[in-house]
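**Q** give me a model of this one.
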Amino acid sequence: ARAPRAGGGFGAAFVLDPTAAGWPLQKVIAPQPTFAKGSFSAAVAASGAWVMSSIGLDEIGLYGYTPGQATYIGGAWAASNATASCEPYLLGYPTQLSAALGGEHLLHLSAGASGAGSTYIVLGSLSGTAPGVQFEGTHIALNHDGYFDWMLGQPNQGPFIGTLGTFAADGTAYASIALPAGANELAGLTAQHAVLVIASDGSIHASAPNPLHIVP
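**A** A predicted model of the protein is given here:
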């Protein structure tokens with residue numbers, strides 16, 4: 001499924017499994033947010049075990065790869081050229097949940113191929129992204145509030161699923177946040193989430209924030 005300007009405006013391709021009930025999400029393919037201009041995945045094609053995404057001609061040099069390359073999705077996932085050397089990013093889907101109905105906010109995390117084995121933690125804020133906070137010299141574009149402390153202090157507990165862990169061999173990981181039905185007091189709020197990565201060399205990196213809009 002093509003989703004130009006999804007994922008905070010950077011563009012993403014969502015790979016679904018049409019053979020399973022509900023067409024579950026299998027993979028999110030996204031470019032490097034630092035350089036993306038929003039044209040990634042304006043067109044997506046699938047053939048057999050391959051998925052191909054369009055990219056703007058003015059972005060090819062920035063990504064360091066050439067037209068025609070694609071991400072192999074048969075059997076095992078291989079790191080796409082678009083994410084092989086990127087900074088950490090987090091993409092959330094869907095971008096909107098109903099407070100009355102509840103639902104699950106799926107998070108696709110990546111630190112690029114060089115981030116394999118690195119530790120990550122997903123953090124959040126209900127009070128915006130500026131001015132944010134500093135952690136060991138790294139800026140996290142999330143304001144400190146009770147939700148931030150909850151995610152920091154209780155990862156992988158309650159509504160937070162897989163929010164603390166390590167990246168797989170391809171530098172990706174998955175997490176989710178469960179919004180219970182009837183959480184009407186949250187209607188109208190926007191939850192911002194970002195992933196903090198502690199690399200094997202001890203360096204610390206943070207992704208850009210990604211919003212979840214909570215509607216009535």
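
**Q** got phi/psi on F148?
**A** Dihedral angles of F148 (phi, psi; degrees, to the nearest 10) stand at phi -60, psi -50.

**Q** also H193?
**A** phi -130, psi 150.

**Q** so where is this structure shaky, pLDDT-wise?
**A** 1-14, 16-18, 22-23, 25-86 (pLDDT under 70).

**Q** where exactly do the helices run in it?
**A** In the chain, the helices defined using DSSP state H lie at 6-9, 60-63, 146-153.

**Q** can I get stretch 201-214 in CSV, CA atoms only?
**A** Only the C-alpha atoms of stretch 201-214 are listed here, as CSV (Å, rounded to 0.1, in the frame of the first residue of the first chain):
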residue,chain,number,x,y,z
ASP,A,201,29.7,1.6,21.0
GLY,A,202,27.9,3.3,23.8
SER,A,203,26.7,6.2,21.7
ILE,A,204,23.1,7.4,22.2
HIS,A,205,20.7,8.4,19.4
ALA,A,206,17.1,9.5,19.3
SER,A,207,14.5,9.4,16.4
ALA,A,208,12.3,12.2,15.4
PRO,A,209,8.9,12.1,17.2
ASN,A,210,5.9,10.5,15.5
PRO,A,211,2.3,11.4,16.4
LEU,A,212,-0.7,9.4,17.4
HIS,A,213,-3.9,11.5,17.3
ILE,A,214,-6.6,10.4,19.8
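
**Q** in that stretch, what counts as buried?
**A** Of all the residues in stretch 201-214, those buried under the rule 16 or more other Cβ atoms under 10 Å are 204-210, 212, 214. Any C-beta I mention is one placed from the backbone N, CA and C, and that applies to glycine too.

**Q** over to stretch 170-178?
**A** Buried residues in stretch 170-178, counted by 16+ other Cβ under 10 Å: 170-173, 175-177.

**Q** that older thread, between the buried residues of stretch 201-214, which sits nearest L106?
**A** L212 (10.4 Å; Cβ to Cβ).

**Q** could you check how many residues crowd around P94?
**A** By other Cβ atoms under 10 Å, 12 other residues sit near P94.
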